[in-house]
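1. mind folding the following:
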Amino acid sequence: MSDLLHGTSPTHHQVGSKSDYGLDRHGLTNLKTAYWNLPTATLYEEIIARGEGSLSHLGPIVLASGKHTARSAQDKYIVREPSTEDKIWWGEQNRPVSPETFDSLYSRIQDYVQGRELFVQDCYVGADPDYRLPVRVISEYAWHGLFARNMFLLPDSEEAYRSHVPDFTVVAVPGFKADPERDGLRSSTFIMLNFAKRMCIIGDTGYSGEIKKSVFTLMNFLLPLQNVMTMHCAANIGQDGGSALFFGLSGTGKTTLSADPSRGLIGDDEHGWSENGVFNFEGGCYAKVIRLSLTAEPEIYAATRRFGTILENVAYDPVTRRVNLDDASITENTRASYPLDYIANAVDEKRGGHPKDIVLLTCDAQGVLPPIARLSTDQTLYHFISGYTSKVGGTEVGLGKEPQITFSTCFGAPFMVHHPSTYAALLKDKLERHGATCWLLNTGWVGGPFGVGHRISIQHTRALLNAALDGLLDAVEYYEDPIFGFEVPKFAPGVPEDVLYPAQAWASQDTYWQKYRELAARFAENFAKFEDACSPEVRAAGPVVEESSAAGA
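-> You can find the predicted model right below:
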């Protein structure tokens, strides 16, 4: 994957829609060529000519991201400077770096790109016009230009392109490496955000998710300051006009469950909740596609067979050009990037009203949580702040195939810049003013932990979710979970009893309750670091761990 330094680009004669705000305004000069806002077909030609990827059967472009096949979470930094210092929740998720380090790296990037070819995509983030932000993605790879074109919102006219002035710029140069000793960094890889300069620089990683999540991190910083709730969630809307939100980490089912043919898809990953309602940040989907099923996920499966889709780290036969979605030989974290309108029931406006239902998704690899539970407002805030799930294969560098217990506050800790209490306060305000029924939906294991039990079937999960969203669980009888205190339905159409009563599916109920108490203790230990910022009601909404918990099961 390199510039055509000694050859002619297949599209060198084509001129894209160019902004009057040139690359010299970013200090990027003496370039060989800058390709502005090339359309999809043109980018295909560039990707193939440069050896970045290959055309597969039915038209998707297949390519590999290189040594990083997932987000390099430990290599993400935020510049610590006076204008933002007191607003950032500094720590493991938001590692500080000095302005001098950023400036040094960017100066060397400016030197690195001289004489090279770059691809520019001018676009927007935020479907609500009141909160829309113009962004620019400048990339070393043509396929990152296509990724930006798929994932963000595009200008709708030549004039909009010409007058586009970015409020935030991502410069992605995978061929450039930091010097860890000189720069004081953990490795040669870096994803570095500078909110004062409204810029993100990315080096030594080709994983395209870093571009997407850097822009999301920006929105998570800016919009809460304007009283807009920013959310790592999917959103869809029913035929009755009621919208639903699906919070969850990668691998918990946000994309799969929100792409329901009976409901309109607002978006699958990143949203805001303003006074106007819910709105998508993006214009595309970035779906995990390992072992994707035509039967269970027909809409997403169909998108992996379309021209314009990027299949990242998906295995394929170089002779027949047919892809194999079941092959995890490159990574478990195989991905497809495609425009949102590739999903037949996507909502054109990418917006909806205030949500009627809020679903917190967890993948419980311990196999002890019920498949669905109805939450009070305080319980919702407790579980939102906790963000319990199991990280599943490959979504971050260093993860293997076995799920790992994690508590990712707000169901998106790596992208949340303010203290979690900021987002929790916004959620509480929205719930109190607009109302919503809140649910905890477990897409993890039943009958035992990972390696012993089996994952809850997608058919049962969908049946429970549909019953909740359609109001079919409003009138059924519930039992109170003896450890967490939330309400679990005693009946749901199409769902076996041993799924609704998870202890019954275990070979030993004593072992079940022991594992459940152990998980509850992990919750309590994790929540201790947030207690000081929470009300007594939210603190009391956590689990009660007693030896007698099994009684009343």
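
2. what pLDDT does the most centrally placed residue in the chain get?
-> Central residue of the chain (CA atoms, centre = their mean): D269, 4.9 Å from the mean position. pLDDT recorded at D269 is 94.

3. just V544 next, same as before
-> For V544, pLDDT reads 89.

4. for the stretch 401-550 of the chain, what spans make up the helices?
-> 420-434, 458-469, 497-500, 509-527, 536-539 (DSSP state H, counting those that start in this stretch).

5. so what's the residue nearest to the centre of the chain up against?
-> 232-234, 254-255, 282, 285-286 (CB atoms under 8 Å, 6 or more residues apart in numbering). Placement of C-beta: from N, CA and C, glycine included.

6. I'd like those residues as CSV, with secondary structure, distance to E92 and pLDDT appended.
-> Formatted as CSV, those follow (DSSP: H, G, I helix; E, B strand; the rest coil; distance: CB to CB, whole Å; pLDDT from 0 to 100):
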residue, secondary structure, distance to E92, pLDDT
H232, strand, 17, 95
C233, strand, 22, 96
A234, strand, 26, 95
K254, helix, 23, 90
T255, helix, 26, 88
E282, coil, 26, 98
C285, strand, 29, 95
Y286, strand, 24, 95
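
7. among those, find me the one that's closest to D364.
-> The nearest member of the contacts of D269 to D364, counting by CB to CB, is K254 at 15.8 Å.

8. state the distance from the closest residue to the closest one other than its chain neighbours to L464.
-> Take K254 and drop its neighbours on the chain: the residue closest to it by CB to CB, 6 or more residues apart in numbering is A234, 4.1 Å away. From A234 across to L464, the span is 16 Å (CB to CB, to the nearest Å).

9. wait, G241 sits on G353?
-> Yes. Counting by CB atoms under 8 Å, G241 does reach G353; the two are 6.5 Å apart.

10. so those two - more neighbours on which side?
-> Higher neighbour count among G241 and G353: G353, with 13 against 10, using other CB atoms under 10 Å.

11. once you drop chain neighbours, what's closest to that one?
-> Excluding its sequence neighbours, the residue lying closest to G353 (CB to CB, 6+ apart) is G277, at 4.5 Å.

12. give me the neighbour count for the one you found.
-> Using other CB under 10 Å, G277 has 18 neighbouring residues.

13. give me the beta-bridge partners of it?
-> S274 (DSSP bridges).

14. what residues are up against E349?
-> Shown in contact with E349 (CB under 8 Å, 6+ apart): A127.

15. revised request: answer the last question for S258.
-> 234-236, 246, 265, 267-268.

16. for it, which non-adjacent residue is closest in space?
-> A234 (3.5 Å).

17. is it true that that neighbour touches D260?
-> No. Counting by CB under 8 Å, A234 does not reach D260; the two are 10.2 Å apart.

18. those two: which is more packed in?
-> Ranked by neighbour count (other CB under 10 Å), A234 and D260 place A234 first, with 28 against 18.

19. that older thread, beta partners for the residue nearest to S258?
-> Bridge pairing for A234 - DSSP bridges - gives F246.

20. got a list of contacts for the helix or strand bottoming out on mean pLDDT in the chain?
-> Here the helix or strand of the chain ranked lowest by mean pLDDT, DSSP states H and E is helix 497-500, holding a mean of 84. The contact list for helix 497-500 (CB under 8 Å, 6+ apart) reads 370-371, 446-447, 456, 460, 488-492, 504-505.

21. what is the nearest of those to K529?
-> Nearest to K529 out of the contacts of helix 497-500 is P370 (CB to CB; 26.3 Å).

22. burial of that closest one, as a residue count?
-> P370 has 23 neighbours, counted by other CB under 10 Å.

23. so it sits in a strand?
-> No. Going by DSSP: H, G, I helix; E, B strand; the rest coil, the assignment for P370 is coil, not a strand.

24. check contacts around it.
-> The contact partners of P370, by CB under 8 Å, 6+ apart, come to 442, 481, 488, 500-502.

25. recalculate using a threshold of 7 Å.
-> P370 makes contacts with 442, 481, 488, 500, 502, as judged by CB atoms under 7 Å, 6 or more residues apart in numbering.

26. how about the closest residue to the first one other than its chain neighbours, phi and psi?
-> In this case it means N442. Distance criterion CB to CB, 6+ apart; nearest residue to N442, sequence neighbours excluded, is L369 at 4.5 Å. Backbone geometry at L369, expressed as degrees, to the nearest 10, gives phi -70, psi 150.
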